[in-house]
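K.L.:
Below are the sequence and a predicted model; questions follow.
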Amino acid sequence: MSEPGGARVAAVVDVGSNSVLLLTIRVAADGAARAVDEAAATTRLGTRLRDGGALDPDAATRTTACVVDLVARARHAGATDVWAFATGAARRAADGAAFARALARAADVPVAILDGAREAALAYAAAAHGLALPDGSGVVVDVGGATTEVTLGRAGTVEAAASLPIGALVAHERHADDLAAVRRETARLLATIDVPSRARGRAAVVVSGGTATSLAALSLGLARYDPRRVHGAALTAADLPRLATMPAGTAIDPGRAAILPAGACILGCVLDVLGATVVGVSDHGVRHAYLGERLAARGVAVSMRALWS
């Protein structure tokens, strides 16, 4: 299970509605984690999915193939513990549980389906730990492919959380380039929850997920995505529409670039309700917190604050 000197290598695969993400880390005997490998691929598991409908067979096939490849890649890097989890698309689909079981068999890893509350709590935990928020307090907004999580926490404890049934891929497929329609739907959904009103005015607002990190990469003018620079960067809410329509270059996957205007629109609406004009960006997301929890359950306490040192 361990490498010489007490170190161990572990990995997690995040099976999202738009993207599949790999994080492989090496944990030293003192608990300090360093990134061994990271990867992202756009497979769009949630494409054309309606609540209670079935996953698109082609999307399920390419997602499964991607996860199998990434698990093999993690094991080749020395990972002896590998986990996977799925989010919005798997929990919305009638055959989501069956897909997760088939994926677990194909990749030979345990695959959990996270509900919205758990996804929100993990997004908050990742940002609070990775950015060392004062007293662990603040608001974390995570725009995914199928859902958007808004979480309010204090002193490391979640006070309130909501998972809105709209994300960058869903909004793009539902409304195409009609961003006014995206804004209307997002505003309607925000009006059904009390998290923004409870969170408005809190000192720290952090954004995470593929939409936020892609916008940060564009804001920084990166030729290639660099988590070291994205993590802890600042985004100005007023700049989001401009950034979302910038040429993506090699810093942003083309599959992400296509849905970025819709994702930026959702993010902008949430920030407007929160009254946030400048926010911090966390490259640490649900996968980081999930991997930390799995290792903690094995008795391994992990710190990911110096992941790229």
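P.N.:
Structure received. For clarity, every value in this text was computed on a predicted model and none was experimentally measured. Numbering: from 1, shown residues only.

K.L.:
Buried residues, the helix or strand bottoming out on mean pLDDT in the chain. List them.
P.N.:
In the chain, the helix or strand scored least confidently by mean pLDDT, DSSP states H and E is helix 195-199, which has a mean of 88. Using 16 or more other C-beta atoms under 10 Å as the test for burial, helix 195-199 gives Val195, Pro196, Ala199. All C-beta atoms are positioned from the backbone trio N, CA, C, and that covers glycine.

K.L.:
same question, stretch 285-304
P.N.:
Under the neighbour-count criterion of 16+ other C-beta under 10 Å, stretch 285-304 has 285-292, 294-295, 300, 302, 304 buried.

K.L.:
which one among those residues gets closest to Thr64?
P.N.:
Proximity of these to Thr64 (C-beta to C-beta) peaks at Arg287, which lies at 18.2 Å.

K.L.:
From the contact counts, what lies against the helix or strand containing that closest one?
P.N.:
Taking DSSP states H and E as the definition, Arg287 sits inside helix 286-297. Here helix 286-297 touches strand 8-15, strand 19-27, strand 81-86, helix 116-130, going by 3 or more C-beta pairs under 8 Å, 6 or more residues apart in numbering; DSSP states H and E.

K.L.:
ok, which stretches of the protein are strands?
P.N.:
8-15, 19-27, 33-42, 81-86, 111-113, 138-143, 148-154, 157-164, 205-208, 234-236, 278-282 (DSSP state E).

K.L.:
need those strands in a markdown table with distance to Ile252 and mean neighbour count, can you?
P.N.:
Formatted as a markdown table, the strands of the chain follow (distance: least, C-beta to C-beta, whole Å; neighbours: other C-beta atoms under 10 Å):
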| stretch | distance to Ile252 | mean neighbour count |
| --- | --- | --- |
| strand 8-15 | 18 | 26 |
| strand 19-27 | 12 | 23 |
| strand 33-42 | 10 | 18 |
| strand 81-86 | 23 | 23 |
| strand 111-113 | 27 | 19 |
| strand 138-143 | 15 | 29 |
| strand 148-154 | 19 | 25 |
| strand 157-164 | 23 | 19 |
| strand 205-208 | 16 | 26 |
| strand 234-236 | 15 | 17 |
| strand 278-282 | 14 | 23 |
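
K.L.:
among those strands, which is nearest Ala121?
P.N.:
Nearest to Ala121, of all those, is strand 157-164, at 5.1 Å by C-beta to C-beta.

K.L.:
From the contact counts, what lies against that closest one?
P.N.:
Applying 3+ C-beta pairs under 8 Å, 6+ apart, we find strand 157-164 packed against helix 116-130, strand 148-154, helix 179-190, helix 195-199.

K.L.:
Please parse the chain into its domains.
P.N.:
The chain breaks down by automatic domain parsing into domains covering 4-115+286-297, 117-282.

K.L.:
for the shortest one, the distance to its chain's centre please.
P.N.:
If I follow you right, that is domain 4-115+286-297. The chain centroid and the centroid of domain 4-115+286-297 are separated by 12 Å under C-alpha atoms, centre = their mean, to the nearest Å.

K.L.:
Any stretches of the protein with poor pLDDT?
P.N.:
1-5, 203 (pLDDT under 70).

K.L.:
Name the residue closest to the centre of it, please.
P.N.:
Nearest to the mean C-alpha position of the chain, by C-alpha atoms, centre = their mean, lies Gly209 at 3.8 Å.

K.L.:
list the contacts for that residue?
P.N.:
Applying C-beta atoms under 8 Å, 6 or more residues apart in numbering to Gly209 gives the contacts Ala123, Asp142, Val143, Gly144, Gly285.

K.L.:
which non-adjacent residue is nearest it?
P.N.:
Distances taken as C-beta to C-beta, 6 or more residues apart in numbering place Asp142 nearest to Gly209, at 4.3 Å, with adjacent residues excluded.

K.L.:
One more: Ala187?
P.N.:
Excluding the flanking residues, the one nearest Ala187 by C-beta to C-beta, 6+ apart is Cys269, at 5.9 Å.

K.L.:
about what we covered before: for the least confident helix or strand of the chain, report the contacting residues that lie outside it.
P.N.:
Around helix 195-199, the neighbours that count as contacts under C-beta under 8 Å, 6+ apart are 139, 150-152, 159-162, 190, 205, 270, 273-274.

K.L.:
do the same with stretch 249-260
P.N.:
By C-beta under 8 Å, 6+ apart, the surrounding residues in contact with stretch 249-260 are 18-19, 40-42, 44, 145, 168-169, 171-172, 210-211, 214-215, 217-218, 222-225, 244, 248.
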